[in-house]
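Novice: Next comes the sequence, and after it the predicted model I'd like to discuss.
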Amino acid sequence: MVSWLFRRRVLSPAVWGILQGKKDPSWLQLEQKTGCLNRVFVTVRQHTSTSRSNKFDVTDLTRPHTWYPTARRKSRKVVLHVGPTNSGKTHGALKQLQLSSSGIYCGPLRLLAWEVAKRLNKAKVPCDLITGQEKDEVEGAKHKSVTVEMADVTSEYHCAVIDEIQMLGCMTRGYSFTRALLGLAADELHLCGDAAAVPLVQELLKVTGDVVKVQYYDRLSPLVPLKVPLGPFKNIRTGDCIVAFSRYEIYKLKRYIEKDGKHLCSVVYGSLPPETRTRQATMFNDVNSEFDVLVSSDAIGMGLNLNISRIIFSTMKKFDGIEMRELIVPEIKQIAGRAGRYGSKYPVGEVTCIHADDLPLLHSSINAPSPILERAGLFPTFDLFFMYSRLRPGYGLQHIMEYFVENAKLSDNYFITDCENLLKIAAVLDHLPLSLHDKYLFCMSPTEMDDEIVSQGLTQFAQNYAERGIVHLREIFTPGMLQVPETHTKMKELESIHKVLDLYVWLSYRLEDAFPDRDMAASQREICSMLIEEFLERLGWQKPSHRKLLLRRSSMSQLSGEVQLNPR
Ligand SMILES: Nc1ncnc2c1ncn2[C@@H]1O[C@H](COP(=O)(O)OP(=O)(O)OP(=O)(O)O)[C@@H](O)[C@H]1O
Ligand SMILES: [Mg+2]
């Protein structure tokens, strides 16, 4: 029956391959073929229920390398650039990217994608910038700088770079790195990161026929772990970065340090908008700015170019979402490695702690090797969910995901990434009349369900989309109504609103007709981050200079007409 369907061209060669166990479901572009496949799978289901010859198992994820036929047609030359932080790994890979006729850079953060696009364009290599929330196309560009989730695994490139490759072991985002590693169809593939990823990458690529070479790097400038702790805050000096792991602690430290009137602190933490993080970092880096000390979370671990002289850990413990635990070796090295960046104002980096009790852990970790990565993240593609849903009509996405998590067959080198957040989104969506594809799309959006405002935003968008097919955005920040937050609670709310606006922009790139107000969302988002930055400046011990305030007012006015900032 199935072969009859194939001969009659009802089944495409790809589907035929899958049913024969030869090809992988990712060969299908199900998004475009859903109608046709509905018919096919009804037929296949009827067929499989009566025949034992068909062995296709949708939960079999043991051969993920076969999901990427374009890459498998190439024999890729893979170079692993590994070494400590600040050793020139990314620089080495980018040099190859710049020299190639076409290429793609895949980074773990928008900040890194921005930096690389800027660098290539400056070097007269036209480069597009593509992240989940933005698409800046440059005329004649044959290069792209993207966030790893946006890696295009269907086009061919001469050269591809994946930065921070050790993140393929990340519990939540690992699968995006695995997808890029297995799927990028490039003649040369450059992977940058920690040496801990080498054995795993070599193992994963044994089955792909790629040629793998390892290039080791040494740190370009020294990093000195100090024998003495910081002691009192009066010992803080220009160029210091104090690291803390909660928003509350960050603001507390900022207040303590600024109390004496000697320093002003920039702050960087994960839930600040990325553009705010960049601007805070720029102020800290700028020798002419009054902000000469940085207080930061581990969000500085990747992605920002900082002129840090000394890293000071305020604690060696952090809450990881489940429990309070000690920092692990890779975290300590990654954060400490930000001091004394090669080519910066401080050629020698130093690292210490506020408390003497924390020094032994710092010293024992700083030169210790990171534990070898054993497994890479994997997550079923939409195609597999779709096929399973055809076999179990009526099951919601949450159930399907749970089924895969419990029953997926994996080889020893892989684990299924943590999908707790996705399950929470799916639980909301399953109550709405949405197609499986739409539900999957919303699930993949950058939505943190633990943030109540963000979770409400997603629910509202999905509800309106399901009911009306179109989602308009209401202007939140209107001229004359702009309020710089006066309390930390209001500030936190603003950070969440920024994420909701970001989510709208993300959806507008995927459901263009249904989310038509992208420009408004983007300009509202910009106003939101400006209010956030105004709050950060007002926390300082002295008034921002008159010039700075005027500049800020004029750029806000350009965005939203007449604007009234709250008087200080
Ligand atoms: N050969 C070089 N010539 C000039 N500058 C360099 C060279 N190598 C590295 N750099 C500069 O040194 C800094 C650190 O390099 P890079 O970012 O490549 O390090 P990395 O090993 O990737 O660090 P990390 O692990 O933190 O990502 C960057 O500012 C980079 O531009
Ligand atoms: Mg790097």
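Specialist: Thanks, I have it. Numbers count the residues shown, from 1 in each chain. Ligands and ions are numbered 1, 2, ... in the order given.

Novice: Counting by contacts, list what the helix or strand that contains Glu526 packs against.
Specialist: Using DSSP states H and E, the element containing Glu526 is helix 518-538. Packing partners of helix 518-538 (3 or more C-beta pairs under 8 Å, 6 or more residues apart in numbering; DSSP states H and E): helix 274-285, helix 488-510, helix 546-560. (Glycine included, C-beta is placed from N, CA and C.)

Novice: and of the ones you listed, who's closest to ligand 1?
Specialist: helix 274-285 (11.7 Å; C-beta to the nearest ligand atom).

Novice: which residues of the stretch 351-500 of the chain fall in helices?
Specialist: Along the stretch 351-500 of the chain, counting by DSSP state H, counting those that start in this stretch, helices occupy 359-366, 382-391, 397-407, 420-429, 436-443, 452-468, 488-510.

Novice: Let's have these in a markdown table, adding distance to Lys95, mean pLDDT and mean neighbour count.
Specialist: Formatted as a markdown table, these follow (distance: least, C-beta to C-beta, whole Å; pLDDT from 0 to 100; neighbours: other C-beta atoms under 10 Å):
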| stretch | distance to Lys95 | mean pLDDT | mean neighbour count |
| --- | --- | --- | --- |
| helix 359-366 | 28 | 97 | 16 |
| helix 382-391 | 36 | 91 | 20 |
| helix 397-407 | 41 | 94 | 18 |
| helix 420-429 | 37 | 97 | 19 |
| helix 436-443 | 37 | 96 | 21 |
| helix 452-468 | 39 | 97 | 17 |
| helix 488-510 | 31 | 96 | 20 |
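
Novice: a markdown table for those, including distance to ligand 1?
Specialist: Shown next, in a markdown table, are the helices of the stretch 351-500 of the chain (distance: least, C-beta to the nearest ligand atom, whole Å):
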| stretch | distance to ligand 1 |
| --- | --- |
| helix 359-366 | 14 |
| helix 382-391 | 32 |
| helix 397-407 | 32 |
| helix 420-429 | 27 |
| helix 436-443 | 30 |
| helix 452-468 | 29 |
| helix 488-510 | 25 |
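
Novice: Nearest to Phe284 among those would be which one?
Specialist: helix 488-510 (19.5 Å; C-beta to C-beta).

Novice: what's the offset of the closest one from the middle of its chain?
Specialist: The chain centre lies 16 Å from the centre of helix 488-510; the measure is C-alpha atoms, centre = their mean, to the nearest Å.

Novice: could you check the angle helix 452-468 makes with it?
Specialist: Helix 488-510 and helix 452-468 meet at an angle of 30 degrees, taking axes from the mean of the first three to the mean of the last three C-alpha atoms, to 10 degrees as the criterion.

Novice: Mind giving me the packing neighbours of helix 488-510?
Specialist: helix 247-259, helix 452-468, helix 518-538.

Novice: Render the CA-only coordinates of that helix in PDB, please.
Specialist: The C-alpha trace of helix 488-510 is given here as PDB (Å, rounded to 0.1, in the frame of the first residue of the first chain):
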ATOM      1  CA  HIS A 488      12.000  48.600  42.000                       C
ATOM      2  CA  THR A 489       8.600  46.900  41.600                       C
ATOM      3  CA  LYS A 490       7.600  49.300  38.800                       C
ATOM      4  CA  MET A 491      11.100  48.900  37.300                       C
ATOM      5  CA  LYS A 492      10.600  45.100  37.200                       C
ATOM      6  CA  GLU A 493       7.200  45.600  35.600                       C
ATOM      7  CA  LEU A 494       8.800  47.700  32.900                       C
ATOM      8  CA  GLU A 495      11.400  44.900  32.200                       C
ATOM      9  CA  SER A 496       8.500  42.500  31.800                       C
ATOM     10  CA  ILE A 497       6.600  44.800  29.500                       C
ATOM     11  CA  HIS A 498       9.800  45.100  27.400                       C
ATOM     12  CA  LYS A 499       9.700  41.300  27.000                       C
ATOM     13  CA  VAL A 500       6.100  41.300  26.000                       C
ATOM     14  CA  LEU A 501       6.800  43.900  23.300                       C
ATOM     15  CA  ASP A 502       9.800  41.800  22.200                       C
ATOM     16  CA  LEU A 503       7.500  38.800  22.000                       C
ATOM     17  CA  TYR A 504       5.100  40.700  19.700                       C
ATOM     18  CA  VAL A 505       8.000  41.600  17.400                       C
ATOM     19  CA  TRP A 506       9.100  38.000  17.400                       C
ATOM     20  CA  LEU A 507       5.700  36.800  16.400                       C
ATOM     21  CA  SER A 508       5.300  39.500  13.800                       C
ATOM     22  CA  TYR A 509       8.300  38.000  11.900                       C
ATOM     23  CA  ARG A 510       6.600  34.600  11.800                       C
END
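
Novice: what mean pLDDT does stretch 108-128 have?
Specialist: For stretch 108-128, the mean per-residue pLDDT is 96.
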